[in-house]
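J.: pasting the structure only:
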């Protein structure tokens, strides 16, 4: 691209980004509208879990819809989210049941409670029923460390004690994104940095986020879908407000700073589009819209790492 073209493009992006931050119009874009149109009367999108198979009539699950709407800027102040959280609460207290297939070989009851509570807390941190589940997982992890190290035997023992799974049922590990999310700001102040360190050093990353490497291992190619997956994990970790935990993410901020394309702007390239974190704008046909989206997400992340 010629220098004069690049200058014109960057000036346009700066103006568009400023307007975007003022309007927050991602919530009014076509991606949000297409999701909300599929919402059922009960507040769900059919099956709950991301790994449940979608159908042509129902191309996404409740969890997928919530994840995308959250990224697009929806909060508990928005009616579609209020409707869904009410539904999730009803499922959590037994008034309703999610329609997903029951995994017979695993501690499915504990897993469903964990999934529901995690998403309720993402939008309403003070929910009584969700915090009851959160406190159980906190009790497990608070007692899973010895000599500042995570001990699997202690974890297994505490899981059995606190959650009382049926004999022979497979128990769930502490590296799923549900556990990482629900434990944010819930652990003992001396344990939280230890767990956080364990999470960011775990060799295969946070489960179900696609980036199957340690948080400490930065993506090899910045302009890639792997970077989108990586940034989603970082976004989850920034929900930990403990200063010690925040400091452990500072290397990510330095990495992002080193990949600017211009003053306070970033471009992850067309390959970063994964239909989860990106796109936010209605279209990426123009480069400035893609750069606008990338800049918006990265500036938000960097602000939360401070």
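T.: Arrived safely. Not measured: the values here are computed from a predicted model.

J.: Please, which helix or strand holds residue 154?
T.: Using DSSP states H and E, residue 154 sits in helix 152-163.

J.: which sections of the stretch 51-200 of the chain are below the confidence cut-off?
T.: 51-54 (pLDDT under 70).

J.: What ranges does it have for its strands?
T.: In the stretch 51-200 of the chain, the strands defined using DSSP state E, counting those that start in this stretch lie at 145-146, 149-150.

J.: Could I get those strands in CSV, plus columns for mean neighbour count and distance to residue 160?
T.: No exception for glycine: its C-beta is placed from N, CA and C like everyone else's. Output for the strands of the stretch 51-200 of the chain, formatted as CSV (neighbours: other Cβ atoms under 10 Å; distance: least, Cβ to Cβ, whole Å):
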stretch, mean neighbour count, distance to residue 160
strand 145-146, 14, 17
strand 149-150, 14, 17
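
J.: Could you tell me how many residues sit around residue 286?
T.: Neighbourhood size, residue 286 [other Cβ atoms under 10 Å]: 14.

J.: do the same with residue 167
T.: The number of residues packed near residue 167 is 6, by other Cβ under 10 Å.

J.: What residues does the spatially most central residue of the chain make contact with?
T.: Nearest residue to the geometric centre of the chain (Cα atoms, centre = their mean): residue 236, 4.8 Å. By Cβ atoms under 8 Å, 6 or more residues apart in numbering, the contact set of residue 236 is 177, 180, 181, 206, 209.

J.: same thing but 6 Å
T.: Contacts for residue 236 (Cβ atoms under 6 Å, 6 or more residues apart in numbering) come out as residue 181.

J.: What segments of the stretch 151-300 of the chain are helices?
T.: Per DSSP state H, counting those that start in this stretch, the stretch 151-300 of the chain carries helices over the ranges 152-163, 177-182, 192-201, 225-237, 243-247, 250-258, 287-305.

J.: about what we covered before: need the residues that contact the helix holding residue 154.
T.: 110, 136, 139, 140, 143, 144, 171.

J.: swap in stretch 195-205?
T.: Here stretch 195-205 has contacts from 141, 150, 175, 180, 187, 211, 212, 213, 214, 215, 216, 245, using Cβ under 6 Å, 6+ apart.

J.: Thanks again, I'm all set now.
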